[in-house]
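> I need the structure of the sequence given here:
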Amino acid sequence: MKQSDSRRIIMVTGASGGIGRATVHLLAASDWRVIGVDRAAFGANFPEDGLFIQSDISEPASLEAIFAQVSAFSGHLDGLVNNAALQVAKPLLQTSVAEWDAVMESNLRSVFLSAKLAHPLLKAAGSASIVNVSSVHAVQTSANIAAYAASKGGLLALTRAMAIEFAGDNIRVNAILPGAVDTPMLRAGLERDHVQGQDIHARLENLASKTVNGRVGTPQEIASAILFLADGEQSSFITGQALIVDGGATARLSTE
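Numbers count the residues shown, from 1 in each chain. Sure thing, here's the model as predicted:
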């Protein structure tokens, strides 16, 4: 049953993770109705006036089923946040074809397909926004994370292409490039073999020392940046851009 509520409606993928969960709650607190999608359950505190769909966005058939539910919930979308991501932290020579493909399917192909499927709903809103959650790994990266970095670099290029093609339909498209943010994905990455010799707290402190601010970011800080780009009243003249939110980590010369 389609909703007649006049508030803006936005869809967030990867809704159950650190950044996704913070984004869902901030959008809801800012008077958006939220549709959340994740392969993992969200829990009992998803906004009551929204819609949560537990599904895997890496599968094309699943995405089609997701958007069938979204279309039944609302005849339009004011925003789409492509946040879902998979990270494989392994040396390139040890990364299998299956692992490479899984990262691309989750992080890049899903955005391409979501944009196609969401486009009629975004166009119907009259003015809408897509926010793609890329990563600082799109512009500067490190060892043993090649598949993830390549997917996020591709997402940055796709953002520019989508901004150009969708401008005529009054759909803005931008990317957020988070740096080190204290999320379950970051902590899981730090606990893998590609970072050795320190406990998790020492590894977080080492990351914090690389930023100008001297700390890692919070999911809520990334959510605030996403809200800024999603809100057409705050960012109406911004499209095709990459907003780096990394505590100044990429501003500092590596030789210092």
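
> Run through the strands of the stretch 151-256 of the chain in chain order.
Per DSSP state E, counting those that start in this stretch, the stretch 151-256 of the chain carries strands over the ranges 171-178, 242-245.

> which residues does residue 210 contact?
Neighbour list for residue 210: 180, 249, 252 [criterion: CB atoms under 8 Å, 6 or more residues apart in numbering]. C-beta coordinates here come from the backbone N, C-alpha and C atoms, glycine included.

> can I get the residues you listed in JSON lines with neighbour count and pLDDT?
JSON lines is the format used below for the contacts of residue 210 (neighbours: other CB atoms under 10 Å; pLDDT from 0 to 100):
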{"residue": "180", "neighbour count": "21", "pLDDT": "88"}
{"residue": "249", "neighbour count": "20", "pLDDT": "89"}
{"residue": "252", "neighbour count": "11", "pLDDT": "85"}
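
> Please identify the most buried of the strands of the stretch 151-256 of the chain.
Ranked by average neighbour count under the criterion mean count of other CB atoms under 10 Å, the strands of the stretch 151-256 of the chain are headed by strand 171-178 at a mean of 26.

> sorry, back to before: adding distance to residue 157 and mean pLDDT, write the strands of the stretch 151-256 of the chain out as TSV.
Rendered in TSV, the data for the strands of the stretch 151-256 of the chain read as follows (distance: least, CB to CB, whole Å; pLDDT from 0 to 100):
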stretch	distance to residue 157	mean pLDDT
strand 171-178	10	98
strand 242-245	10	97
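
> Please dump those strands into TSV; it should also carry distance to residue 224 for every row.
Conversion of the strands of the stretch 151-256 of the chain to TSV gives the following (distance: least, CB to CB, whole Å):
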stretch	distance to residue 224
strand 171-178	10
strand 242-245	9
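
> tell me the mean pLDDT for stretch 233-241?
Across stretch 233-241, pLDDT averages out at 97.

> Report the contact partners of the residue nearest to residue 221 when sequence neighbours are not counted.
For residue 221, the nearest residue in space outside its immediate sequence neighbours is residue 245; the separation is 6.7 Å by CB to CB, 6 or more residues apart in numbering. Residue 245 makes contact with 176, 177, 178, 179, 217, 221, 222, 225, according to CB under 8 Å, 6+ apart.

> For residue 245, give its distance to residue 223.
Counting by CB to CB, to the nearest Å, the gap from residue 245 to residue 223 is 10 Å.
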